[in-house]
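Student: need coordinates for the following:
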Amino acid sequence: MQGSVSILNVSPEAAAMIASGGRISTMDGTAGEIYVKSLAAGQEKNEKLIGKVLSSGHTSVLEHCYVNLSFENVSVLAEQFLIEFRLASFTVKSRRYVDFSKAGYVSPAFADDAQRVVFENTAASLFRTYDALEAAGIPKEDARFVLPYCFCSNFFCSMNARELVHVMNELTYGRGSGIPELRRTTRDEPDYDKLMHWRLGVLREHGLGLAEIQRVIATIDPLPGAKDFLDALRRETQVIILSDTFEQFAMPLMEKLGMPTLFCNTLQVAPSGEITGFSMRIAQSKLTTVRALQSMGFETIASGDSYNDLEMILASKAGFLFRSTDRIKADNPDLPAFEEFGDLLAAIRRAL
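Tutor: The predicted structure is shown next:
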């Protein structure tokens with residue numbers, strides 16, 4: 001079954017409202033007067049101002065615009081993915097009260113017909129079991145537990161424009177992207193060599209080369225607040241970014257961050273643009289670099305989010321997890337964990 005999403009409505013005079021948010025911090029006059037001026041400015045001038053404000057990293061002005069959407073016959077997995085964004089509001093067709101026997105389901109892509117037949121037969125069997133439970137007098141709220149997790153979901157979703165941008169970025173570049181295998185990171189697979197060979201295989205499978213990847217990377221901006229965090233920290237101490245990324249990928253993002261010092265690896269690229277391999281600078285590069293700095297008399301403070309950050313964090317004078325996974329945080333309860341740049345900066349300052 002084919003799902004769909006529709007924008008039902010957007011805040012009236014959305015551009016004027018967002019532009020007013022951009023103007024109020026620098027313009028004289030009351031809030032009402034500034035909004036009237038934004039209305040009079042017109043769409044073109046307002047959009048130009050909005051672009052300037054957003055390029056400065058002040059995305060909070062988007063929160064003044066609200067968007068209402070409807071999702072029809074999408075997978076329950078899509079429903080659960082979206083509901084993770086808690087700055088949005090949701091009303092879902094309830095499995096406790098609505099009969100889902102005719103809901104239909106969403107099928108993934110299959111390598112062959114044999115896989116498809118097994119999947120469809122299993123889904124059909126589970127729906128028959130659901131029907132049988134209802135027929136036996138089992139309440140819907142109990143019968144729902146046998147529904148296959150591929151059943152179609154329908155729900156309304158409302159969020160401000162800033163959160164919508166976040167959702168779209170996740171769908172395009174993050175966990176919701178079109179090639180599920182590329183969502184795997186060192187937060188999921190601690191063996192980086194194994195992870196990279198996996199990634200290269202996926203790229204070959206989908207015919208993606210360096211040029212295609214660089215086009216996507218060029219559209220990615222640093223996390224809101226990242227540059228301000230680095231600028232503030234670099235005014236107080238030396239900062240080195242240790243990464244298992246590759247210089248061919250990293251430079252556009254480093255430019256947007258003010259060109260901080262970056263130690264990373266390099267890709268092997270064929271004349272055709274195919275990524276054929278990768279060269280790691282040194283084994284256990286993050287821990288090795290921290291140890292080398294310490295051997296020169298430097299103290300180190302480290303922060304990261306992934307499995308391959310843990311050794312350098314534990315080897316440092318102080319170490320912190322930042323926007324890490326629940327699993328890593330649970331496995332390392334003694335490590336302070338932060339979600340906001342301001343909190344991480346304050347913790348580093350205390351450790352200096």
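Student: how about residue 77, nearest residue that isn't a chain neighbour?
Tutor: residue 149 (6.7 Å; CB to CB, 6 or more residues apart in numbering). (Glycine included, C-beta is placed from N, CA and C.)
Student: for the one you found, grab phi and psi.
Tutor: phi -80, psi 10 (degrees, to the nearest 10).
Student: I figured it hits residue 95, correct?
Tutor: No. Assessed by CB atoms under 8 Å, residue 149 is found out of contact with residue 95, at 11.5 Å.
Student: more neighbours: these two, which one.
Tutor: Set side by side, residue 149 and residue 95 show more neighbours around residue 95, with 18 against 12, by other CB atoms under 10 Å.
Student: list the contacts of that one.
Tutor: Contact analysis of residue 95 by CB atoms under 8 Å, 6 or more residues apart in numbering lists 140, 141, 144, 147.
Student: tell me the buried residues in the host helix or strand of the second one?
Tutor: Spelled out, that is residue 141. Element membership for residue 141, per DSSP states H and E: helix 140-143. By neighbour count on 16 or more other CB atoms under 10 Å, the buried set for helix 140-143 is 140, 143.
Student: same check on stretch 60-67?
Tutor: Quick answer for stretch 60-67 (16+ other CB under 10 Å): 61, 62, 64, 65, 66, 67.
Student: closest to residue 121 among those residues?
Tutor: Of all the buried residues of stretch 60-67, residue 67 has the smallest distance to residue 121: 39.8 Å, by CB to CB.
Student: helix, strand or coil for that closest one?
Tutor: Taken by DSSP: H, G, I helix; E, B strand; the rest coil, the conformation at residue 67 corresponds to strand.
Student: residues near the residue nearest to residue 339 when sequence neighbours are not counted, how many?
Tutor: The shortest distance from residue 339 to any residue other than its chain neighbours is 5.8 Å, reached at residue 323 (CB to CB, 6+ apart). By other CB under 10 Å, the residues close to residue 323 number 15.
Student: quick one, what contacts residue 323?
Tutor: By CB under 8 Å, 6+ apart, the contact set of residue 323 is 305, 338, 339.
Student: looking at those, which is nearest residue 207?
Tutor: Of all those, residue 207 sits closest to residue 305, with 30.2 Å by CB to CB.
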